[in-house]
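*Asks:* with the sequence up front, the predicted model follows.
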Amino acid sequence: MKNKYTELINQLSDRELLFHLYATQVLLVVLSLIFGFFLFNDFTEFLQLFNWNDINILLIGGSAALLIVATDLFLMKVLPEKSYDDGGLNKRIFSNKKILHIAFIAAIVALGEEIFFRGVIQTHFGLLISSTIFALVHYRYLFNWFLFLNIILLSFFIGFIYLWTENLSVTIFMHFLIDFLLGVYIKYKTPEREEMLNE
């Protein structure tokens, strides 16, 4: 099953991969609107999930993101390379992108996933259900027990931060910073880039 997934990824062009990534995020936003229409009393109730003037966006969201990234970078150094093998998808997405494009991808993913999983699902069905669905949606990690455990723990951690702060802006920024920093790391960690830097 993992080999079929890897073959599928290899058959897609970079443009097709990006299209699927963006289409997935659009789908999450559409699902958020549909579920939100039935689950929230009105749009004002939904808007109350966000507080962009909260210092916890930087203090808690930023600190938690840096902790996750530092932990990931440490584990990447000490664990076998196959522990972080996702079939090459993240490498394909980030390795040849400019920094601003990586930031855009990270922002789109953070907004789409946090609004749906934390803002809609967790707000109405709880941390356990939202975190489980979040982990299962990251389908490529199902083929690697370490990455699957990693995404489950990350999902519960982000969900806990949302429970603690009661502010979706905090988890959006946290999710953005994690994806952005790891995306930049992948960009500069690719073998081609390392060879250029060593020349």
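*Replies:* All right, it came through fine.
*Asks:* where does pLDDT dip in this protein?
*Replies:* Counting by pLDDT under 70, the chain has low-confidence residues at 1-9, 190-199.
*Asks:* nearest residue to Trp164 in space, ignoring adjacent ones along the chain?
*Replies:* Excluding the flanking residues, the one nearest Trp164 by CB to CB, 6 or more residues apart in numbering is Ile60, at 7.3 Å. No exception for glycine: its C-beta is placed from N, CA and C like everyone else's.
*Asks:* ok, now how distant is that neighbour from Asn167?
*Replies:* Going from Ile60 to Asn167 by CB to CB, to the nearest Å gives 9 Å.
*Asks:* and Ile57, by the same measure?
*Replies:* 7 Å.
*Asks:* more crowded one of these two?
*Replies:* Comparing Ile57 with Asn167 by other CB atoms under 10 Å, the one with more neighbours is Asn167, at 22 against 19.
*Asks:* gap between the helix ranked longest in the chain and the chain center?
*Replies:* Counting by DSSP state H, the longest helix found in the chain is helix 14-39. What separates the centre of helix 14-39 from the centre of its chain is 14 Å, taken as CA atoms, centre = their mean, to the nearest Å.
*Asks:* can you check stretch 156-169 too?
*Replies:* On the basis of CA atoms, centre = their mean, stretch 156-169 sits 14 Å off its chain's mean C-alpha point.
*Asks:* contacts for it?
*Replies:* With contact meaning CB atoms under 8 Å, 6 or more residues apart in numbering, stretch 156-169 is reached by 49-52, 54, 56-57, 60-61, 64, 68, 114-115, 117-119, 122, 127, 130-131, 134, 170-171, 174-175.
*Asks:* out of these, which sit inside helices?
*Replies:* Under the assignment DSSP H, these contribute Asn56, Ala64, Ile68, Leu127, Ser130, Ser131, Phe134, Val170, Thr171, Met174, His175 to helices.
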